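In: have a look at this prediction, sequence included:
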Amino acid sequence: MQKIEHIGIAVKDLDKANELYAKLFNKKHYKTEEVKSEGVKTSFFKVGPNKIELLEATNPDSPIAKFIEKKGEGVHHIAFAVTDIVKEIERLEKEGFNVLNKIPKKGADNKLVAFLHPKSTNGVLIELCQEI
Ligand code: ZN
């Protein structure tokens, strides 16, 4: 893994959260994107070299809706950049991690992504992402 690519935060209301985080960072988000397959709407902020992704559910079956129901709003995942996601999935499976999707899927921000189940990573949902 190369670096933390971004940190994902689950929010109930993306418009309100965008305003709040714009005040916090003293700059606006630079893009929003809907990922229909995941049932989420996202926005991205740049903070120095780091990125923050806000995620809002677009339907009640969305993983974000379920997360907020269980845990409330808050840090949802940490994403790590990888150069070869297929190889990395293979390696992590061999190490005993529970990879939620063995075939990388298209995520937000023009990335191929895969997730590791928090049960196998001390309670943290980990996203692997590779630039397409
Ligand atoms: Zn993410």
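Out: Done, it's in.
In: next, the buried residues of the one helix or strand in the chain whose mean pLDDT sits lowest.
Out: Lowest by mean pLDDT, DSSP states H and E among the helices and strands of the chain is strand 105-107, with a mean of 90. Across strand 105-107, burial judged by 16 or more other CB atoms under 10 Å covers residue 107. Quick note: C-beta positions are derived from backbone N, CA and C, even for glycine.
In: try stretch 15-33
Out: Residues 17-18, 21, 29 are the ones in stretch 15-33 that count as buried (16+ other CB under 10 Å).
In: now, these that are in strands?
Out: Judged by DSSP state E, the buried residues of stretch 15-33 include no members of strands.
In: which residues does the least confident helix or strand of the chain contact?
Out: Strand 105-107 is contacted from outside by 35, 37-38, 112-114, 127, 129, 132, using CB atoms under 8 Å, 6 or more residues apart in numbering.
In: what is the longest helix along the chain packed up against?
Out: As assigned by DSSP state H, the longest helix anywhere in the chain is helix 14-25. Under the contact criterion of 3 or more CB pairs under 8 Å, 6 or more residues apart in numbering; DSSP states H and E, helix 14-25 touches strand 40-47, strand 50-57.
In: make it 10 Å
Out: Secondary-structure packing of helix 14-25 (3 or more CB pairs under 10 Å, 6 or more residues apart in numbering; DSSP states H and E): strand 3-10, strand 31-35, strand 40-47, strand 50-57.
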